[in-house]
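*Asks:* how would this look folded up:
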Amino acid sequence: MIFFLIAVLAGILTVLAPCILPLLPIIIGSSETSERRVSRRSLVVVGSLSVSVVLFTLLLKASTLLITIPQTFWNVFSGTIIVLVGLAILFPSVWSRIPFVQKLSTLGNRAVSSGYQKKSYSGDALIGLALGPVFTTCSPTYLFIIATILPAGFLLGFIYLLGFTIGLAISLLLIAYFGGQLVKKITSHMGATTRVKQIFAGLIILVGIAILTGYDKKLETAILDSGYGATIHFEESLIERFAPKN
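*Replies:* Numbering: from 1, shown residues only. Just a heads-up that it's a prediction; the model follows:
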């Protein structure tokens, strides 16, 4: 029980680590500035991201089921979806006029081309799911769960993984709420809601390009190599004291 709470805390503290930086424009950009609470759009993005993190952690990092698929495939897959969603937000009218887009039949591409234009949440769910295969965290607790606990006992490891993901979701929802309030204040002074949305759409596109090129990992590594430890040492001390012994 103690280590489960540590896993939840580690998920919350992940927001302080550089590995979470690519998620911030997407989470803040999903906020609806017209709502006082966390928007449904943010809930869908964070919820689908949480499901995707658990699913792909088990498939990619804790099993050999998809071991033959190279990581570059997931980078291209996720990065392309994120770029397309950003383009759909940035150029909704132009996007809808492209004949090829109108004829796309797959669920993913329908969500990308129309989800944001028709107030559907399919595009939000898609972008959350797309982040799962390329999700990384600097958290020693997360790494300890997938490298040590899951191989020794799937059920216990799965429970701890859920705890970490719950903490991650809590921190992202807090970012969505306070980010939405900040954007609301900015737009109230500027009177340009569309402009702010375009800025976040541009940031989402940059995130997608960074994932496509692998630059996001290079940036995270550079920050960590510079000596930024955030909560890493704190988590390591908790693992030494409270980690379950086999």
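*Asks:* in this protein, what spans have low per-residue confidence?
*Replies:* Counting by pLDDT under 70, the chain has low-confidence residues at 30-36, 92-121, 123, 187-194, 227-230, 245-246.
*Asks:* ok, longest helix in the chain?
*Replies:* Within the chain, and with DSSP state H defining each element, the longest helix by residue count is helix 154-190.
*Asks:* tell me what that helix is packed against?
*Replies:* Contact partners of helix 154-190 among helices and strands, from 3 or more C-beta pairs under 8 Å, 6 or more residues apart in numbering; DSSP states H and E: helix 2-13, helix 23-29, helix 40-56, helix 150-152, helix 193-213. Just so you know, the C-beta spots here come from the backbone N, C-alpha and C atoms, and that holds for glycine as well.
*Asks:* looking at those helices, which is buried most?
*Replies:* The highest mean neighbour count among the helices and strands packed on helix 154-190, using mean count of other C-beta atoms under 10 Å, belongs to helix 23-29: a mean of 22.
*Asks:* what is it packed up against?
*Replies:* helix 40-56, helix 122-131, helix 154-190, helix 193-213.
*Asks:* let's see it at 7 Å
*Replies:* Counting contacts by 3 or more C-beta pairs under 7 Å, 6 or more residues apart in numbering; DSSP states H and E, helix 23-29 packs against helix 40-56, helix 154-190, helix 193-213.
*Asks:* can I get the CA coordinates of the shortest one in CSV?
*Replies:* If I follow you right, that is helix 40-56. Taking Å, rounded to 0.1, in the frame of the first residue of the first chain, the C-alpha atoms of helix 40-56 are listed here in CSV:
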residue,chain,number,x,y,z
ARG,A,40,-14.4,17.7,-21.2
ARG,A,41,-11.9,18.0,-24.0
SER,A,42,-9.0,17.9,-21.5
LEU,A,43,-10.7,15.0,-19.7
VAL,A,44,-10.8,13.1,-23.0
VAL,A,45,-7.2,13.8,-23.9
VAL,A,46,-5.9,12.9,-20.4
GLY,A,47,-8.1,9.9,-20.1
SER,A,48,-7.1,8.4,-23.5
LEU,A,49,-3.5,9.2,-22.8
SER,A,50,-3.7,7.4,-19.5
VAL,A,51,-5.2,4.3,-21.1
SER,A,52,-2.6,4.4,-23.9
VAL,A,53,0.3,4.8,-21.4
VAL,A,54,-0.8,1.6,-19.5
LEU,A,55,-1.5,-0.3,-22.7
PHE,A,56,1.8,0.5,-24.4
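*Asks:* to the chain's geometric centre, what's the distance from stretch 78-88?
*Replies:* Distance, stretch centre to chain centre, for stretch 78-88: 14 Å (C-alpha atoms, centre = their mean, to the nearest Å).
*Asks:* can you show me the CA trace of that stretch as PDB?
*Replies:* Taking Å, rounded to 0.1, in the frame of the first residue of the first chain, the C-alpha atoms of stretch 78-88 are listed here in PDB:
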ATOM      1  CA  SER A  78       2.500   9.100 -33.200                       C
ATOM      2  CA  GLY A  79       4.300  12.200 -34.700                       C
ATOM      3  CA  THR A  80       2.200  12.100 -37.900                       C
ATOM      4  CA  ILE A  81      -1.100  11.900 -36.000                       C
ATOM      5  CA  ILE A  82      -0.100  14.800 -33.800                       C
ATOM      6  CA  VAL A  83       1.000  16.900 -36.700                       C
ATOM      7  CA  LEU A  84      -2.200  16.200 -38.600                       C
ATOM      8  CA  VAL A  85      -4.300  17.100 -35.600                       C
ATOM      9  CA  GLY A  86      -2.400  20.400 -35.200                       C
ATOM     10  CA  LEU A  87      -3.000  21.100 -38.900                       C
ATOM     11  CA  ALA A  88      -6.700  20.400 -38.600                       C
END
